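In: sequence first, then the predicted structure, then my questions.
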Amino acid sequence: MKLKVRVWIILAAFLGILAAFAYKVARDKKAAAYAAATPYQRGWMLIEDKGCVACHQPASGFRAPVLNNLYGKTIKLADGTEIVADEDYIKQSIIAPMTRVVAGYQPVMPNYQGQFTDEEMEALIAAMKPEEKPAE
Ligand code: HEC
């Protein structure tokens, strides 16, 4: 093998190892941040990671309700009824979004049945309550 080719192969392997290492560091850092976070913060990490923000953000092209402080609000539904957004409503809105559609919106939200653990679901609900500041 020509020396030049060998140098390139070694360089490519080195870059590959470096990339894998950087990826692992980033992933560990994320896991550590998640572990250290409050349920509210975990909820927002999930909302970002799972792509909910693609729709649920004022800046997104899709029109979907804002999730901040949703908990406890009275929601007008497409069928004309009203419902208070309690834990059960929020859970249902995530795992079976077609059951109750918010008035004024298209029923386009994907179904997230089976995609969140109970702990993650609690975090999602916590994200939709006012943020609890840690005691000073
Ligand atoms: C493709 C766009 C889209 C994505 C992605 C999406 N949603 Fe939605 N979502 C909507 C729309 C539109 C509505 C309003 C219509 C309805 O009730 O289905 C909605 C409604 C909701 C509601 C009820 C809101 C209210 O005001 O009562 C909750 C809670 C919710 N989504 C949470 C989530 C979470 C959590 C995720 C990510 C795991 C997510 N959504 C991903 C489009 C989306």
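Out: Sure, I can see it. Numbering: from 1, shown residues only.
In: measure how buried Ala96 is and give me the count.
Out: Residues near Ala96, counting by other C-beta atoms under 10 Å, number 13. Backbone N, C-alpha and C define where each C-beta goes, glycine included.
In: isn't it up against Asn111?
Out: Yes - with contact defined as C-beta atoms under 8 Å, Ala96 reaches Asn111; the gap is 6.5 Å.
In: where's Tyr105 relative to Phe62, distance?
Out: Counting by C-beta to C-beta, to the nearest Å, the separation of Tyr105 from Phe62 is 9 Å.
In: so what sits against both of those two?
Out: Listed contacts common to Tyr105 and Phe62 are nil; contacts here mean C-beta atoms under 8 Å, 6 or more residues apart in numbering.
In: secondary structure element holding the most centrally placed residue in the chain?
Out: Within the chain, the residue whose C-alpha comes closest to the C-alpha centroid is Ile47; the distance, by C-alpha atoms, centre = their mean, is 1.9 Å. Using DSSP states H and E, Ile47 sits in helix 39-49.
In: looks like the residue nearest to the centre of the chain contacts Ala127 (just checking).
Out: Yes - counting by C-beta under 8 Å, Ala127 is a contact partner of Ile47 at 6.0 Å.
In: need the overlap of contacts for these two.
Out: Common contact partners of Ile47 and Ala127 (C-beta under 8 Å, 6+ apart): Leu67.
In: break the protein down into its domains, please.
Out: For the chain, automatic domain parsing gives the domain ranges 1-36, 38-127.
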